[in-house]
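> predicted model, plus sequence, below.
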Amino acid sequence: MKDTFRKFYKPLTEENQKLIKDIKEKAEELQSLMMNVKNREMSLAMTNLEQCTMWAKKAIVLEDEK
């Protein structure tokens, strides 16, 4: 049976660990720029940045599991 809920994790390669770290750092840079504007649209943009980062990390993790 496939481990759909990923109870067990495989270690990531060093290259993919660095890629995830770089993505998080770039997201933090963008977040710091976005913090200067306070309105609903920016709140939506912030939510989507968080979601984008989450999906990018998941894509990297799943790529390593193949």
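Everything's here; your move. Everything numeric here is computed off the predicted structure, so don't read it as measured data.
> tally of neighbours for Leu19?
16 (other CB atoms under 10 Å). From N, CA and C alone the C-beta is placed, and that goes for glycine too.
> Lys57 is in contact with that one, correct?
No: with contacts counted by CB atoms under 8 Å, Leu19 stays clear of Lys57, the gap being 9.0 Å.
> now the longest helix along the chain: buried residues?
Longest among the helix segments of the chain by residue count, using DSSP state H, is helix 40-65. Across helix 40-65, burial judged by 16 or more other CB atoms under 10 Å covers 53, 56-57, 60.
> can you give me the pLDDT of the residue nearest the centre of the chain?
Per CA atoms, centre = their mean, the C-alpha nearest to the average position across the chain is that of Thr53, at 2.6 Å. On the pLDDT scale, Thr53 is placed at 97.
> next: Arg6.
73.
> okay, now it: neighbour count?
Per other CB under 10 Å, the neighbour tally for Arg6 reads 12.
> which SS class is it?
coil (DSSP: H, G, I helix; E, B strand; the rest coil).
> what are the phi and psi values at it?
phi 50, psi 60 (degrees, to the nearest 10).
> residues in contact with stretch 31-49?
27, 30 (CB atoms under 8 Å, 6 or more residues apart in numbering).
> leaving out the residues flanking it, which one is nearest to the residue nearest to the centre of the chain?
Once flanking residues are discounted, Thr53 sits nearest to Ala27: 4.5 Å by CB to CB, 6 or more residues apart in numbering.
> for Met54, see how far away that neighbour is.
Look at Ala27 and Met54: by CB to CB, to the nearest Å, they are 10 Å apart.
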